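Q: after the sequence you'll find the predicted model.
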Amino acid sequence: MKAIIQDRFGSPDVLQFVDVGKPEIGPDDVLVRVHAAALNPHDWHILRGDPYIARLMGTVGLTRPKPRIAGVDGAGIVEAVGVNVRGLRPGDEVLGRFEGAFAEYARAVADLVVPKPARLTFEQAAGVTMAGQTALRAIRDAGQVQAGQRVLVNGAAGGVGSFAVQIAVALGAEVTGVCSTGNVELVRSLGAAHVVDYTKDDFTDGRVRYDVVQDNVGNQPLRRLRRALTPTGTLVSNAGGSPDGRVLGPIGAILRLVAVNGFVRQRLRPLPDKWTRAHLLAVTELVEAGRLTPVVGSTYPLTDTAAGMHHLERGHARGKVVVTVT
Ligand SMILES: NC(=O)c1ccc[n+]([C@@H]2O[C@H](COP(=O)([O-])OP(=O)(O)OC[C@H]3O[C@@H](n4cnc5c(N)ncnc54)[C@H](OP(=O)(O)O)[C@@H]3O)[C@@H](O)[C@H]2O)c1
């Protein structure tokens, strides 16, 4: 099968389009014929081995990217199922966490794969898993957003932000999205009642205070983010951005958040890495109900995955960047 492999750390230019064997599946896995796969900042962190501390922690590979076939997010059709798998059959249309999504076939743990909502194309479905469940955990779980609250989403036009705005709106919040001029109409179309164009205004100037601020960008110091909160408001940082550079990445910012949280009335919450099938099903239920529609900002053929990765790395993706496989 054709696949995009990453045999050494580096820029997206080290990605290669090659022939490799089809993945083997275990008893709890499914084999999926991939139709579309989505890019995430996670992919370029793995490719670059960035931040360096992640190499020592074993999360991106020590001397070369782990795994060899790139990509974790996808949608496709089940080709085969392991002996222990119940509830999924060959021919089912699915989305989920794939191991090596930038390929014609991918292995996936069956528990992290769910039925694709019929109203979505494969391209739309491909971007649901990582960005959708992250946004759900940030808004519903960590943010505990309630109807009527004022919620601000920083980075509202991006992969996570475009889901976060819609999920907060679905929960009945009055949502403000922060983005650049060219994305104001997009963010409004997602249901945001207000949009702050960060090229003209600063949401941390203290003029408006929010019950929940969900930060996907990491470009503001903590004291300014706190100034945008009510006295008992909640900040949810998904560890976006790398304020401490390529060595420690977001770790310093997370530790600061946790340390300051102990001394203030505001709730300052980093987002844990863990998610479950229940999160993914909750996201696809919102999609089925028509309350959440993934935004696909750009698509690339599998052969041009590196171009998609360069685009994502520049930090101004609109919604999801998607690779079309078949
Ligand atoms: N903790 C977790 O489990 C988890 C999971 C997924 C992602 N993340 C992290 O969350 C972050 C966001 O991920 P993503 O997938 O949403 O990334 P993304 O799709 O690349 O987001 C890019 C967005 O950031 C916006 N942006 C750039 N500069 C901005 C600024 N100064 N103010 C406001 N918005 C700005 C851009 O909007 P404009 O084009 O309008 O500038 C663009 O829409 C990443 O750092 C990622 O590593 C964490």
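A: It's in.

Q: so where's the chain uncertain?
A: The model of the chain has pLDDT under 70 over residues 240-245.

Q: ranges for the helices of the stretch 201-326 of the chain?
A: Assigned by DSSP state H, counting those that start in this stretch, the helices in the stretch 201-326 of the chain fall at 222-227, 245-248, 251-261, 277-288, 305-313.

Q: how about the residues of the chain near the ligand?
A: Contact residues, the chain versus the ligand (CB under 6 Å from any ligand atom): 40-41, 130-131, 134, 154-155, 157-161, 178-180, 183, 198, 216-217, 219, 238-241, 271, 273, 312, 315-318. (C-beta placed from N, C-alpha, C; glycine too.)

Q: returning to that earlier point: now render the helices of the stretch 201-326 of the chain as TSV, adding mean neighbour count.
A: Output for those, formatted as TSV (neighbours: other CB atoms under 10 Å):
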stretch	mean neighbour count
helix 222-227	16
helix 245-248	13
helix 251-261	16
helix 277-288	18
helix 305-313	21
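
Q: with distance to Asp205 added, can I get those in TSV?
A: Formatted as TSV, the helices of the stretch 201-326 of the chain follow (distance: least, CB to CB, whole Å):
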stretch	distance to Asp205
helix 222-227	8
helix 245-248	27
helix 251-261	21
helix 277-288	33
helix 305-313	30
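
Q: what's near enough to touch the closest residue to Ala131 other than its chain neighbours?
A: Nearest residue to Ala131 in three dimensions, chain neighbours excluded: Gly159, at 4.1 Å (CB to CB, 6 or more residues apart in numbering). Contact analysis of Gly159 by CB atoms under 8 Å, 6 or more residues apart in numbering lists 38, 40-41, 127, 130-131, 317, 319-321.

Q: include distance to Asn84 and neighbour count when you put those residues into CSV, please.
A: Below are those laid out as CSV (distance: CB to CB, whole Å; neighbours: other CB atoms under 10 Å):
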residue, distance to Asn84, neighbour count
Ala38, 28, 34
Asn40, 28, 23
Pro41, 33, 21
Gly127, 29, 30
Met130, 25, 23
Ala131, 29, 26
Ala317, 37, 22
Gly319, 36, 24
Lys320, 32, 30
Val321, 34, 24
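
Q: just those residues: which are in strands?
A: Within the contacts of Gly159, residues falling in strands by DSSP state E are 38, 320-321.

Q: filter the residues of the chain next to the ligand to the buried ones?
A: Buried subset of these (neighbour count, 16 or more other CB atoms under 10 Å): 40-41, 130-131, 134, 154-155, 157-161, 178-179, 183, 198, 216-217, 219, 238-241, 271, 312, 317-318.

Q: now do the contacts for the residue of the stretch 101-250 of the chain found nearest the ligand.
A: Of all residues in the stretch 101-250 of the chain, Gly158 sits closest to the ligand, at 2.4 Å by CB to the nearest ligand atom. Counting by CB under 8 Å, 6+ apart, Gly158 touches 216, 317-319.

Q: JSON lines please, covering those and showing distance to Phe17.
A: Shown next, in JSON lines, are the contacts of Gly158 (distance: CB to CB, whole Å):
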{"residue": "Asn216", "distance to Phe17": "30"}
{"residue": "Ala317", "distance to Phe17": "22"}
{"residue": "Arg318", "distance to Phe17": "25"}
{"residue": "Gly319", "distance to Phe17": "25"}
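
Q: which two from the residues you listed end up farthest apart in space?
A: Across the contacts of Gly158, the longest distance by CB to CB is 13.5 Å; it joins Asn216 and Arg318.

Q: roughly how far apart are Val160 and Gly76?
A: Distance of Val160 to Gly76, given as CB to CB, to the nearest Å: 22 Å.

Q: quick check: which element contains the residue nearest to Pro294 when sequence neighbours are not counted?
A: Closest residue to Pro294 apart from its sequence neighbours, by CB to CB, 6+ apart: Gln124 at 4.5 Å. If you go by DSSP states H and E, Gln124 is part of helix 122-126.

Q: what helices and strands are in contact with that helix?
A: strand 29-38, strand 73-81, strand 93-97, strand 296-301, strand 320-324 (3 or more CB pairs under 8 Å, 6 or more residues apart in numbering; DSSP states H and E).

Q: after the strand or helix carrying Ser162, which helix or strand is next? Please name it.
A: Ser162 is part of helix 159-170 when elements are defined by DSSP H and E. Proceeding N to C from helix 159-170, the next assigned helix or strand is strand 174-179, under DSSP H and E.

Q: how much does that next one deviate in direction from helix 159-170?
A: For strand 174-179 against helix 159-170, the angle between stretch directions is 160 degrees (axes from the mean of the first three to the mean of the last three CA atoms, to 10 degrees).
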